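A.B. asks: Model the following, please.
(3 chains)
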Amino acid sequence: MEHRVDLKTAALSQTSPGVTELAVTANRDERTAAVVEAVLHGKAIAIPFAKFNDGRGFSIAHLLRSDHGFRGEVRATGHVIPDQALHLLRAGFDTANVVNAEALFHWQSSLAHYKGAYQKAVRNPLMQRRLATQRIKGEQRAAALSEKIAKTRDLTQRVREIADSVEGRITFSTSLGKEDQAVLHAIVSAGIDVDVFTLDTLRHFPETLETLERTEKHYGIKIRVVTPDPMDLEELIAHDGEFGFRTSVNSRKACCMIRKVLPLNRSLKGAAAWITGLRREQSAERADVDHAVWDADLELIKTSPLADWTDGELDAYIKANDIPVNPLHDQGYPSIGCEPCTRAVSPGEDPRAGRWWWENEDGKECGLHGRERRLEVA
Amino acid sequence: MPSVITANRLVDGIVVYLSENDNWLTDLTAARVAEDEAGLEKLNAIAGQAAADHIIVGPYPMAVDLDKGIPEPKSVRERIRAAHRPTITAVTEAR
Amino acid sequence: MYRYDEFDRDFLSDRNREFRGQVERRLAGQLTEDEFKPLRLMNGLYLQLHAYMLRVAIPYGVLSTRQLRQLGMIARRWDKGFGHWTTRQNIQFNWVKLVDVPDILEALAEVDMHAIQTSGNCIRNVTADPFAGAAADEIEDPRIWAEILRQWSTNHPEFTFLPRKFKIAITGALEDRAAIAFHDIGIRIVGGPNGTFGFRIYVGGGQGRTPYVAQEIKDFLPPDQLLSYLEAMLRIYNLHGRRDNIYKARIKILVNAIGIDAYRTQVEEEWERIRGEEIDLPADEAARIRAHFAPPQLQPMPVGHAAFSKARAQDSGFDRWVRHNVLPHKNPDYAIVSIAFKEPGRPPGDATAEEMERVADAADRYSGGEVRVTYTQNLILPNVARADLADLYEDLKATGLVAGNTGLITDIIACPGLDYCNLANARSLPIAQDITERFAEPEKAEAIGELRLNISGCINACGHHHSGHIGILGVDKKGTEHYQITLGGSPGDDAAIGDIVGPSFPAEEVPDAIEKIVDTYLAQRRDEEGFLATYARVGADPFKEALYGTSR
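C.D. replies: Just a heads-up that it's a prediction; the model follows:
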């Protein structure tokens, strides 16, 4: 019995479409004919290896992808060995025939062997050298900045360090919560050039919007208001209804995605740094927040100048500087999101317990700072 | 033509010869000598098994001269192999 | 020089872990030798005559002293105390055990070195001008581009199972010191308009049993398009190179079978198609690599001419060494110094662990900690202040590495030959030793002047005999070692393949034959005429006459 390993999942392949065979000597016309045949009949294209070290199949697969734009299954048949798994995958193969299912283990370990690759390929499941360069540089710069921020507790000085260390656009996304109000105060006091914006989900508390207006007046600044893409919103409501977020976590996350995450990503595009008001005391998820980290997905330095501030420090700062705050904070709302998804919490409850309170306790992030954003923006 | 079987040992690549009791030894003078085709075939079978058992690599028969029953290599190549060293003074040796 | 970062180190450690697993599977019998061989070759591991041989890459010939000392440590710990500089800027260890190789590779990784793709049918270690960054006649530092090529070719998903091995060399200077004409792809950096530069690309050169001088395929390629052009060249070769006959599988056979113009047409067509695929490096990544090769800050070091002249006058050995082993540097206060591993009797290119350490000491003291290895099997200190030359000479004298014969008849290139190699038909090293001893008198060698003498132990031509002014090829003549002599080959800008002069000689007659050739040259030459010029002018006849008598 012949088996097939799916190179993308490192599991035995379950599908078995028909196959059109393409010789490794195929010229362009023959390749075109095979692609037409495969597309018309939903077939896979099989490239036979007479011997594993006859590497013509790699170029044929590459051409099927890059020249012919073929998107269906490309399969390696004949003599291929597990040690070639990543070469096959990166050259454009989806599957490879294996003689026995026991060999699957070697295919799996071979597929997991490398973290990085130097060159661009048809498929790039590994960290690429050119991106790693950015990441390594970014991590070094972020670590240096983090050290500088930690040296002072003065918030104005901290945001000044960010401005001094970063070349390029600095953005600050404010939720108008008290952390962000404190950070905004420091930004204005420091007199640094920062692109300040807020995400209007179109579901905010009126108090939040009033806070926005009050803040603009108080500081004499303009805060950029970013709204969801109307097309996305239409589609969301058509699919899930106006309150679909209450029916399942997935619907709730889709709502967060369209109202907050995607607009945020658009606003952060091209920025060199992103200032946030994250604090370790806010929740268990945020307990490890660093002052500055390299965000490889957004390709910017994400800073949290309040990371190590205590609740007491924050409140004292707000009071001392007469910073305008959202009145909801005084009504039992430590963390304020959209109106339908936020409730007040009792004293002693987790500060974020009032967000999506009907869901499980763990991982209650909208996706702005969580792991989900990566999957979605990829 | 008298022949012996030689190969390289898998773990370290050292030149070895098929000797008594199916042992693979580095000393050519201890090698088992096949006097005829039938004898050689027998040695070849043992060598094939040793290769399959991942003890040795690339076994092949090699014609030898016999000096009082002791095998001696015929070619320069096999003399160099049997000596386990190059014919020149190495750079580490006094010149 | 290029310094590894986290990415490079991770890659290397992944690679070494993979190979360790492959070695374990081989030892456990889960891989047959047939399956294991291509995998071990791609990690530089051969099974030679006496033992396994590990070929370690010295990318484009650049070594730090830390790396050189580690090579010495490896020679001592896992080999018999020495290594061999190869004819393609590698070092070979002749006596390693398979079971030790994963540990050796780890020791190499500690100093950012590896044996990746030093063998196998893949893109091999890219070689370059050993004087790169220091040469007075340099247009652009080729190391930048060699490193870019090293990264691009490492574990390439498509070009790791080519029809045959694939060698690339690059030079950025006016004089070709990298023998680019004898490579599958040779790259010459040339000046463009307004101070720019580009690449002139040659293809299909090589030695071996069917030697060819590479032909020009591209007159001028802008630098930011190198990778896409090479990718097109390799793809056409991978698809159409012969795989039915190992002797006809190199790209030189394909190019000469279909003709350079037809090959160029196919390459250009493919190149046009893929130019938008972002194969070439983005500018910031190229700049990152370039930054590693920033020229060293050399302090002005005016040489005391009087003292220098006095030292030369007092010591004829030093004087000769300065004449032949000290070469012009782009900074007039500095020099490029060749450390010859070629004194009479030494197997060409063999170096002991201690010598490696002593050269590392000298490089730390006099050359900013940098060493180069040449394809002519010597080491180079690229940045020596002229004011330090006399001190350097004294230091080297203590290790015996002061042969002042770089470029002379005793600066022989030789492969390991039948003393080590499984493929060889005849020994190379004893022939080299005999010839160096015949011309051991320094005055004698110097009187002959520049002369490239190369020896290969078989037709695979690792000893570059085709490109020697005098080439010697070991052949097997009815079970005895014989040596065929060629004349008129050249590795450089006037690249040429030597002509076979006549019937071969048994080993013991070779030194006499070489002496006759040399005497004929000395008798025929006019003024300062070099060997090649004399040979071109008088032809082979006087040499044939000297070797074989008038009857032929």
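A.B. asks: What segments of the stretch 351-500 of chain C are helices?
C.D. replies: Using DSSP state H, counting those that start in this stretch, the helices found in the stretch 351-500 of chain C span residues C:353-366, C:389-399, C:429-438, C:442-448.
A.B. asks: Point me to the residue of chain B nearest chain A.
C.D. replies: In chain B, the residue that lies nearest chain A is B:His54 (17.1 Å; C-beta to the nearest C-beta). C-beta: built from backbone N, CA, C; applies to glycine.
A.B. asks: That residue: how many residues sit nearby?
C.D. replies: Using other C-beta atoms under 10 Å in any protein chain shown, the number of residues around B:His54 comes to 18.
A.B. asks: shaky segments in the stretch 1-150 of chain C?
C.D. replies: Counting by pLDDT under 70, not a single residue of the stretch 1-150 of chain C qualifies.
A.B. asks: And the closest residue to chain A within the stretch 151-300 of chain C, how far from C:Gly468?
C.D. replies: Closest to chain A within the stretch 151-300 of chain C is C:Phe161: 2.8 Å, counting by C-beta to the nearest C-beta. For C:Phe161, the distance to C:Gly468 under the criterion C-beta to C-beta, to the nearest Å works out to 33 Å.
A.B. asks: Also C:Ala287?
C.D. replies: Distance of C:Ala287 to C:Gly468, given as C-beta to C-beta: 41 Å.
A.B. asks: got it, and C:Ser64?
C.D. replies: Counting by C-beta to C-beta - C:Ser64 and C:Gly468 are separated by 31 Å.
A.B. asks: Quick check on those two: which one has the bigger neighbour count.
C.D. replies: Neighbour totals were compared for C:Ser64 and C:Gly468, and C:Gly468 leads with 26 against 20 (other C-beta under 10 Å).
A.B. asks: which bits of the stretch 251-400 of chain C sit near chain B?
C.D. replies: Taking C-beta under 8 Å from any C-beta of the partner chain as the criterion, the neighbours of chain B within the stretch 251-400 of chain C are C:345-347, C:350-352.
A.B. asks: Counting residues, name the longest strand you see in chain B.
C.D. replies: Using DSSP state E to assign secondary structure, the strand with the most residues in chain B is strand B:56-67.
A.B. asks: Which residues does it contact?
C.D. replies: Counting by C-beta atoms under 8 Å, 6 or more residues apart in numbering or on different chains, the neighbours of strand B:56-67 from elsewhere in the structure are B:1-10, B:13, B:16, B:18, B:24, B:28, B:31, B:33-34, B:40, B:43-44, B:47-48, B:50-51, B:71-74, B:78, C:33, C:47.
A.B. asks: All the helices of chain B, in order from the start?
C.D. replies: Read by DSSP state H, chain B holds these helices, from start to end of the chain: B:37-52, B:76-83.
A.B. asks: Kindly report the same for the stretch 51-200 of chain C.
C.D. replies: Assigned by DSSP H, counting those that start in this stretch, the helices in the stretch 51-200 of chain C fall at C:65-78, C:101-110, C:142-153.
A.B. asks: how close does A:Lys151 get to chain C?
C.D. replies: Distance check for A:Lys151 against chain C: by C-beta to the nearest C-beta, to the nearest Å, it reads 26 Å.
A.B. asks: Can you tell me which residues in chain C are near chain B?
C.D. replies: Residues of chain C lying near chain B by C-beta under 8 Å from any C-beta: C:26-29, C:33, C:47-52, C:80-82, C:96-99, C:345-347, C:350-352, C:418-420, C:426-427, C:429-430, C:433, C:479-481.
A.B. asks: picking up where we left off before, excluding its backbone neighbours, what's nearest the residue of chain B closest to chain A?
C.D. replies: C:Gly29 (4.1 Å; C-beta to C-beta, 6 or more residues apart in numbering or on different chains).
A.B. asks: In three-state terms, label that neighbour for me.
C.D. replies: Each residue gets one of three states, and C:Gly29 gets coil by DSSP: H, G, I helix; E, B strand; the rest coil.
A.B. asks: check contacts around it.
C.D. replies: Contacts of C:Gly29 by C-beta under 8 Å, 6+ apart are B:52-54.
A.B. asks: Between the residues you listed, which sits nearest chain C?
C.D. replies: Within these, the smallest distance to chain C is 4.1 Å, found for B:His54 (C-beta to the nearest C-beta).
A.B. asks: Quick check: C:Lys330 vs C:Ser338, distance?
C.D. replies: Counting by C-beta to C-beta, the gap between C:Lys330 and C:Ser338 amounts to 16 Å.
A.B. asks: hang on, I meant C:Gln225
C.D. replies: The gap separating C:Gln225 from C:Ser338 is 35 Å, by C-beta to C-beta.
A.B. asks: out of those two, which sits in the more crowded spot?
C.D. replies: Per other C-beta under 10 Å, whichever of C:Gln225 and C:Ser338 has more neighbours is C:Ser338, with 27 against 16.
A.B. asks: That one: what's it in contact with?
C.D. replies: Contact analysis of C:Ser338 by C-beta under 8 Å, 6+ apart lists C:324-327, C:374, C:378-380, C:406.
A.B. asks: Look up phi and psi at it.
C.D. replies: Note on C:Ser338: its backbone torsions stand at phi -100, psi 120 [degrees, to the nearest 10].
A.B. asks: And the residue of the stretch 251-378 of chain A closest to chain B?
C.D. replies: Proximity to chain B, evaluated over the stretch 251-378 of chain A using C-beta to the nearest C-beta, is greatest for A:Ala296 at 43.7 Å.
A.B. asks: Any idea how many residues pack against that residue?
C.D. replies: A total of 15 residues lie near A:Ala296 under the criterion other C-beta under 10 Å.
A.B. asks: what does A:Glu161 give?
C.D. replies: A count of nearby residues for A:Glu161, using other C-beta under 10 Å, gives 24.
A.B. asks: Now the host helix or strand of it: buried residues?
C.D. replies: Taking DSSP states H and E as the criterion, the element that holds A:Glu161 is helix A:155-165. Under the neighbour-count criterion of 16 or more other C-beta atoms under 10 Å in any protein chain shown, helix A:155-165 has A:155-163, A:165 buried.
A.B. asks: And for stretch B:71-91?
C.D. replies: Neighbour-count burial for stretch B:71-91 [16+ other C-beta under 10 Å]: B:71, B:73, B:76-78, B:80-82, B:86, B:88, B:90-91.
A.B. asks: now swap in stretch C:107-122 and tell me
C.D. replies: Buried residues in stretch C:107-122, counted by 16+ other C-beta under 10 Å: C:107-109, C:111-122.
A.B. asks: Dump the C-alpha coordinates for it into CSV.
C.D. replies: Listed next in CSV are the C-alpha coordinates belonging to stretch C:107-122 (Å, rounded to 0.1, in the frame of the first residue of the first chain):
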residue,chain,number,x,y,z
ALA,C,107,33.5,22.6,17.2
LEU,C,108,33.6,24.4,13.8
ALA,C,109,30.2,26.0,14.5
GLU,C,110,31.7,27.5,17.7
VAL,C,111,33.8,29.7,15.5
ASP,C,112,31.1,30.2,12.8
MET,C,113,32.6,27.6,10.4
HIS,C,114,31.1,24.6,8.6
ALA,C,115,31.7,21.9,6.0
ILE,C,116,28.4,22.6,4.2
GLN,C,117,28.4,22.0,0.4
THR,C,118,32.2,21.5,0.2
SER,C,119,31.3,18.4,-1.8
GLY,C,120,28.3,16.8,-3.5
ASN,C,121,26.4,17.8,-6.6
CYS,C,122,25.5,21.2,-5.3
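A.B. asks: Run the chain-centre distance for that stretch.
C.D. replies: In terms of C-alpha atoms, centre = their mean, to the nearest Å, the centre of stretch C:107-122 is set 16 Å apart from its chain centre.
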